[in-house]
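In: Give me a model of this one.
(one chain, ligands or ions: 2)
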Amino acid sequence: MNFISSDDLSREQIMKIFRIADDLKSNKVEITIKEHAVLALLFEKPSTRTRISFEVAMTQLGGHAIYLDKQAMQMSRGETLSDTAKVISSYCDFIAARMFDQSQLVELSESSTIPVINALTDLEHPTQALADVYTIMQHVGRINNAKIAFLGDIAANTANSLMITAAKLGAEIALVGPQEYPPNSTYYNRAREYSKVYTDSSAESGLEDADIVYTDTYVSMGQEAQTEYRRKMFAPYQLNAKTMSYADKTALAMHCLPAHRGEEITGDILDGPKSIAWEQSANKLLLNKALLLYLSETGHSR
Ligand code: CP
Ligand code: NVA
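Out: Ligands and ions are numbered 1, 2, ... in the order given. Purely as a prediction, here's the structure:
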């Protein structure tokens, strides 16, 4: 089994991963992965959290991770993804890859005989969404009928994955951003099959009654050429004390990080009492462990 898209997991599979996370958290049982299991982390974009949390997850589960920078691989000299996938599959037990194109991840998985995990592409960030939704459930006490307002770049990879995972579990999702930057129609239409998902170009009405206000950078990796334009377009959608006041008074602020204080979020919100971004980040370790165990338990690991 691969985890390339957030839509690869059914509601039941997501809940099973969350139960594994609960067991790990409560230390109820000692859980380890197959002895000497190895995760290859194949990255062509930078990463702090995803890379470190996967490496630490494998170490703490009794396995090992190898970080593979695409630029230092023969891929940078033209070796195909397919050949690389075959070779990694003959040494390792899992691949987590961070690439620009989602189609490259699909290509990688087609030549792999071990599970392939999406560690972020331009289109999706499925492991992030698992940590996000788990964190929401811990704080709001539920995901079904919880209202999540995604503020800013509602076409971001994080928005695509969050809307699929959270809508599948019954959350209401308001995508709040400028009309000039609509959500990705494929993900938007899919999420609307699962739950109440809608757009709103007004922060005031879009955030009304929200339990969670989520934001991400205005300029995702690979979009640097559009920096000035994006900063201007998204500025009215900054997560700050004013926009936060439109949400429910108990609402919490989330950010996948890395954050740009003064751009998509202000420091007082990110570092203030309403922020659960740091726990959200910490939960990436827990959920990556749970995912790796889930992929092992389903018997698809080598
Ligand atoms: N949230 C997240 O994926 O962070 P990194 O880019 O640092 O991995
Ligand atoms: N949307 C951001 C997420 C970073 C974790 C990016 O792709 O750069």
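In: show me what contacts the residue nearest to K25 when sequence neighbours are not counted?
Out: Taking Cβ to Cβ, 6 or more residues apart in numbering as the measure, K25 lies nearest to L286, with 6.2 Å between them; neighbours along the chain are not counted. Any C-beta I mention is one placed from the backbone N, CA and C, and that applies to glycine too. Applying Cβ atoms under 8 Å, 6 or more residues apart in numbering, we find L286 in contact with 21, 24-25, 131, 134.
In: need the helices for the stretch 101-250 of the chain, in chain order.
Out: 102-110, 126-140, 157-168, 185-194, 203-206, 227-234, 241-245 (DSSP state H, counting those that start in this stretch).
In: Quick check: which of those is nearest to V29?
Out: Distances from V29 to each of those were compared by Cβ to Cβ, and the smallest falls on helix 126-140, at 18.4 Å.
In: sorry, back to before: tell me which of the helices of the stretch 101-250 of the chain sits most buried.
Out: Per-stretch averages of neighbours, counted by mean count of other Cβ atoms under 10 Å, single out helix 157-168 among these, with a mean of 27.
In: What are the buried residues along the helix or strand that contains the residue nearest to K25?
Out: Element membership for L286 (DSSP states H and E) is helix 277-297. Of all the residues in helix 277-297, those buried under the rule 16 or more other Cβ atoms under 10 Å are 277, 280-281, 283-296.
In: next one: stretch 211-228
Out: Going through stretch 211-228 with 16+ other Cβ under 10 Å, the ones that come out buried are 211-221.
In: Stretch 258-278 now?
Out: 259, 263-266, 269-270, 274-277.
In: Tabulate those residues (TSV), appending secondary structure.
Out: As requested, these are arranged in TSV below (DSSP: H, G, I helix; E, B strand; the rest coil):
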residue	secondary structure
A259	coil
E263	coil
E264	coil
I265	strand
T266	coil
I269	helix
L270	helix
K274	coil
S275	strand
I276	coil
A277	helix
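In: Which single one of the residues you listed is nearest to R231?
Out: When those are compared for distance to R231 (Cβ to Cβ), E263 wins out at 6.5 Å.
In: Run through the residues that contact that closest one.
Out: In this structure, E263 makes contact with 217-218, 231, 238, judged by Cβ under 8 Å, 6+ apart.
In: Distance check, it against ligand 2.
Out: 13 Å (Cβ to the nearest ligand atom, to the nearest Å).
In: residues in contact with the spatially most central residue of the chain?
Out: With distances taken as Cα atoms, centre = their mean, the chain has Q128 as the residue nearest its mean C-alpha position (2.0 Å). For Q128, the contacting residues are 50, 120, 158, 161-162, 256, 284, taking Cβ under 8 Å, 6+ apart as the criterion.
In: Could you identify the pair within those residues that is furthest apart?
Out: Looking at those by Cβ to Cβ, the two members farthest from one another are T50 and L162, with 15.2 Å of separation.
In: quick revisit: same list, the contacts of Q128, but only the ones touching ligand 1.
Out: Restricting the contacts of Q128 to those touching ligand 1 (Cβ under 6 Å from any ligand atom) yields 50, 120, 256.
In: Using TSV, lay out those residues together with pLDDT.
Out: Output for the ones next to ligand 1 among the contacts of Q128, formatted as TSV (pLDDT from 0 to 100):
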residue	pLDDT
T50	98
L120	98
C256	98
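In: Just the closest of the residues you listed to ligand 2, please.
Out: Of all the ones next to ligand 1 among the contacts of Q128, the one sitting nearest ligand 2 is C256; the distance, using Cβ to the nearest ligand atom, is 4.9 Å.
In: returning to what we had before: ok, of the ones next to ligand 1 among the contacts of Q128, which one's closest to S6?
Out: Of all the ones next to ligand 1 among the contacts of Q128, the one sitting nearest S6 is L120; the distance, using Cβ to Cβ, is 11.8 Å.
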